[in-house]
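> Okay, predicted coordinates and the sequence, questions at the end:
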Amino acid sequence: MRKIISILSLVAIASLLLVACGGAAPAPSGETVTVKETVVVTVEVTSAPAAPPVVAPAGYGVTLETVKTRGNLICGVNSQVPGFGYVAADGSFSGFDVDYCRAVAAAIFGDPAKVEFRAVTATERFTALQSGEIDILSRNTTWSLARDTELGGNFVHTTFYDGQGMMVPSDSGISTLQDLEGGTICVQTGTTTELNLADVMASLGVSYTPAVFEDADSTMGAYSEGRCDAVTTDKSGLISRRTVLADPSAHVILDATMSKEPLGPMVRHGDDQWFDIAQWTIFALIDGEEFDITSANVDDVKASALAPEVRRLLGLEGDMGLKLGLSNDWAYNIIKLVGNYEEVYNRNLGPDTPADVARGYTSLYTDGGLLYAPPVR
Amino acid sequence: MQRDERQKTTIPFWRDERILNILGQVAFVLAILFVGSLIYRNMQAGLAKQGITLSFVFFNGVSGFDLAESLFAYDRNSTYQQAFLAGLLNTLSVSIIGVLFATVLGVILGVARLSTNFIINRLAAFYLELIRNLALLVFLIFWYLGVFLKLPRVKDAIIWPGDIILTNRGMGIPWGIPTASFPTFSLILYLGIFLALIVFFSLRVYSQRTGRAPLTLLWTVLTFIFIAFAGWIVLPEKPLMLDLPLVKGLNLSGGKILSPEFLALTSGLVLYTAAFIGEVVRAGIQSVPHGQVEAARALGLNGFQTLRLIVMPQALRVIIPPLTSQYLNLIKNSSLAIAVGFPDVFYVSNTILNQTGRAVEMIALVMATYLTFSLITSVLMNWYNQRIKLVER
């Protein structure tokens, strides 16, 4: 007994000491401020020709370092929307957002398989990114101002231009949003969809009852049980979820588009290098489509390319990859191992898939779409 | 001289067990404080790294989302605070309704389990064993997807006698709409409560003075019902207008519409918790020595009197503490509402968390809410337990 007590008192003394040390903890945050000041000072140094071109702020490059050390990329994806992110019965992931993660892995490791997918729900996705559980969130997430600023993350770029739609049973006789007066609408919680629904119905003056569910499966489940007159989510989501309903032809998607839904990946605040890698992976995919470089012909193109833009993209000229902190064949790896934008799209959402989502605004700018990548130089 | 001797035998403080005991306690508290501050500091540092500061200012912002059910007028222009309050009231109503019905059903089940009638006894035993061994979440989802959503669509609605409409959009029941004379009627109701309380307390005094045991509760309730009924008859205009539910357009309207989510949650919670309460009641009744029943019979009390005057008062002492924890379970289990889409406080907080990204604040708030509910329930039940406890001299 005495022994225990004396050990306890030792613990007490030790903890007192530690608390005392803990009291000094505000000091490090004070130091961080000084670091910021030094950044300002070193900017002057950058004017010297020999100095490195960029002085990295705290956090710069940390994510890439972590990912490389760990040996794989951890990507937060959807598991319930076929075409975007879906888990097959054998546990393998597939989809447009999933292939984007593979492209990032290809750019970093030259191996698209070095990704660990984590299925996250709409509710937990931002927390998973904030807490560092995932490196990239690629889960058909809508870019909005509040999310861009308040959630401790940044949207990288739009990968899919979507709009919110409404699906109803074909035999319901509903053809416009106004026909839903007094009806019940199934919607998923924690989404921009939920907010848009309230906005649009309020501005149309249509009264309705929302039936709100935790995830896509229960939302669609309740809709197919007839709990609601209509179900709403992004049009691409409706198209892809319709393919897994019991009788897809018994449901129609209304023409009305209720909102802009730019979907894209998101990374944590504070690591601009990681942001750049995530962003230029998208641009490499788009460039691949624009320059007609596919996974099939990329080797031929690389052997015979004359256009400087293509040569820079594939790492034959300049050191574009090195600037991103990657190897120079980063874009070659993306296109060779994952494909260009069109290939990725067609594999998951194209005409040969059950989803068959029309490209719409998600086409190259040369085809009247919004996909436009800045020059690689 | 003696004083000196005592001083000599004084042991140094590091070997004095009394001091060491206190030191041990202090050390333990310090250790807890230290770990707590470490965790808090870590959280602060992590949040600072993300550029997030903790604050409840967002709570006054416009929520922008609609809720399926709210006890007061709520729409997308309401604040997050109102959304939270709506969820809170939904949780409260489910909890109160759940506790009431589960208690009634539980007592019936517990008594039925001990019935000498073979069929009643076996049926109750079957029910208790079946329900107690199910997972509540599974049970709730069964009620939602397997029962209430499987009801016919609105156009093929089942209509039960008494104008009860059953559809997969919910159950419509007749409901009263207050008319102009309702305020007067509510005054009469207050009067009824007042008179009922007078009856209650005078019967208590009578019973304490004479040692007889009148049916206090029965008379109290009867007094109230009599006054309410008299008020209803006397008033020229009926205080409540009957509003019948009917099928209108895509949905039900009129009357009171109970949503499938609400029905699934309450029926699931009630039927589940009642099974546990049934076992608690049975244990309580069985804890009363059989000699007590035999003695009561010998005194000429009939079966009901024996139960009411001899068995129940003694059984209650055993029943109340575990019953309290069943009530707490029901309240906390109501957070499974999220599985069936009923907007209770956890569900709404989750939505708010999602729309604002304020995870730490919302989770802390939800934890504080359930803690408060549970503590209030415990305090009430402990107070009741103290009152019915055997007075020991």
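Okay, I see it.

> what's the closest non-adjacent residue to B:Thr184?
Among residues not flanking B:Thr184 along the chain, B:Leu235 sits closest, at 6.4 Å (C-beta to C-beta, 6 or more residues apart in numbering or on different chains). From N, CA and C alone the C-beta is placed, and that goes for glycine too.

> Let me see the contact set for that neighbour.
Contact analysis of B:Leu235 by C-beta atoms under 8 Å, 6 or more residues apart in numbering or on different chains lists B:181, B:184-185, B:188.

> gap between it and chain A?
From B:Leu235 across to chain A, the span is 34 Å (C-beta to the nearest C-beta, to the nearest Å).

> can you list the residues of the stretch 201-350 of chain A near chain B?
A:201-202, A:208-214, A:218, A:221-222, A:225-227, A:229, A:268-270 (C-beta under 8 Å from any C-beta of the partner chain).

> quick check, B:Val107 in a helix?
Yes. Secondary structure assignment places B:Val107 in a helix (DSSP: H, G, I helix; E, B strand; the rest coil).

> What is the nearest of the contacts of B:Leu235 to A:Val344?
Within these, proximity to A:Val344 (C-beta to C-beta) peaks at B:Phe185, which comes in at 69.1 Å.

> how about the nearest residue to the closest one once chain neighbours are set aside, what does it touch?
Spatial nearest neighbour of B:Phe185, chain neighbours left out: B:Pro239 (3.5 Å); criterion: C-beta to C-beta, 6+ apart. Contacts here follow C-beta under 8 Å, 6+ apart; on that basis B:Pro239 touches B:178-179, B:181-182, B:184-186, B:231-232.

> From the residues you listed, which land in strands?
Using DSSP state E, the members of these that fall in strands are B:Pro178.

> I'd like the contacts of B:Pro239 as CSV, with neighbour count and pLDDT appended.
Formatted as CSV, those follow (neighbours: other C-beta atoms under 10 Å in any protein chain shown; pLDDT from 0 to 100):
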residue, neighbour count, pLDDT
B:Pro178, 12, 81
B:Thr179, 14, 81
B:Ser181, 16, 80
B:Phe182, 17, 83
B:Thr184, 15, 85
B:Phe185, 20, 85
B:Ser186, 13, 86
B:Gly231, 19, 84
B:Trp232, 13, 84
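
> Enumerate the residues of the stretch 251-393 of chain B near chain A.
Checking the stretch 251-393 of chain B against chain A by C-beta under 8 Å from any C-beta, the hits are B:251, B:253, B:260-261, B:338-339, B:341, B:343, B:347, B:350-351, B:353-357, B:359.

> ok, of these, which come out buried?
The neighbour count (16 or more other C-beta atoms under 10 Å in any protein chain shown) marks B:251, B:260-261, B:338-339, B:341, B:343, B:347, B:350-351, B:353-357, B:359 as buried among these.

> Let me know the closest of the residues you listed to chain A.
Minimum distance to chain A across these is 2.9 Å, recorded for B:Asn354 (C-beta to the nearest C-beta).

> give me the element the closest one is part of.
In this assignment (DSSP states H and E), B:Asn354 forms part of helix B:345-356.

> Only C-alpha atoms, please: export that helix in CSV.
Taking Å, rounded to 0.1, in the frame of the first residue of the first chain, the C-alpha atoms of helix B:345-356 are listed here in CSV:
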residue,chain,number,x,y,z
VAL,B,345,-31.9,16.3,-31.8
PHE,B,346,-29.0,14.1,-32.9
TYR,B,347,-30.2,14.0,-36.5
VAL,B,348,-30.7,17.7,-36.7
SER,B,349,-27.4,18.4,-35.1
ASN,B,350,-25.8,16.1,-37.6
THR,B,351,-27.3,18.1,-40.4
ILE,B,352,-26.2,21.4,-38.8
LEU,B,353,-22.7,19.9,-38.3
ASN,B,354,-22.7,19.0,-42.0
GLN,B,355,-23.8,22.3,-43.3
THR,B,356,-21.6,24.4,-41.1
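
> Which other helices and strands does it contact?
Secondary-structure packing of helix B:345-356 (3 or more C-beta pairs under 8 Å, 6 or more residues apart in numbering or on different chains; DSSP states H and E): helix A:145-150, helix A:192-204, helix B:80-113, helix B:337-340, helix B:359-388.

> how about the fourth one as CSV, C-alpha atoms only?
In this case it means helix B:337-340. In CSV, the C-alpha atoms belonging to helix B:337-340 read as follows (Å, rounded to 0.1, in the frame of the first residue of the first chain):
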residue,chain,number,x,y,z
ALA,B,337,-33.9,8.0,-35.1
ILE,B,338,-31.3,8.9,-37.7
ALA,B,339,-31.6,5.4,-39.1
VAL,B,340,-35.3,5.9,-39.9
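
> what's near enough to touch the nearest residue to A:Val200 once chain neighbours are set aside?
If you skip the residues right next to it in sequence, A:Val200 has A:Met258 as its closest partner in space, 4.7 Å away by C-beta to C-beta, 6+ apart. Residues counted as contacts of A:Met258 (C-beta under 8 Å, 6+ apart) are A:163-166, A:177, A:196-197, A:200, A:232.

> 6 Å instead?
Applying C-beta atoms under 6 Å, 6 or more residues apart in numbering or on different chains to A:Met258 gives the contacts A:164, A:196, A:200.

> Could you tell me how many residues sit around the last one?
One way to gauge burial is a neighbour count; for A:Val200, by other C-beta atoms under 10 Å in any protein chain shown, it gives 18.

> Roughly how far does it sit from chain B?
For A:Val200, the distance to chain B (C-beta to the nearest C-beta) stands at 10 Å.

> Minimum distance to B:Asp156: which of the helices and strands packed on helix B:345-356 has it?
Among the helices and strands packed on helix B:345-356, the nearest to B:Asp156 by C-beta to C-beta is helix B:337-340 (22.9 Å).

> What number of residues are in the vicinity of the closest residue to A:Thr63 other than its chain neighbours?
The shortest distance from A:Thr63 to any non-neighbouring residue, by C-beta to C-beta, 6+ apart, is to A:Trp274 (3.9 Å). Neighbours of A:Trp274 under the rule other C-beta under 10 Å: 27.

> now swap in A:Ser304 and tell me
Other residues near A:Ser304 come to 9 when the count uses other C-beta under 10 Å.

> okay, it: pLDDT?
The model reports A:Ser304 with a pLDDT of 91.
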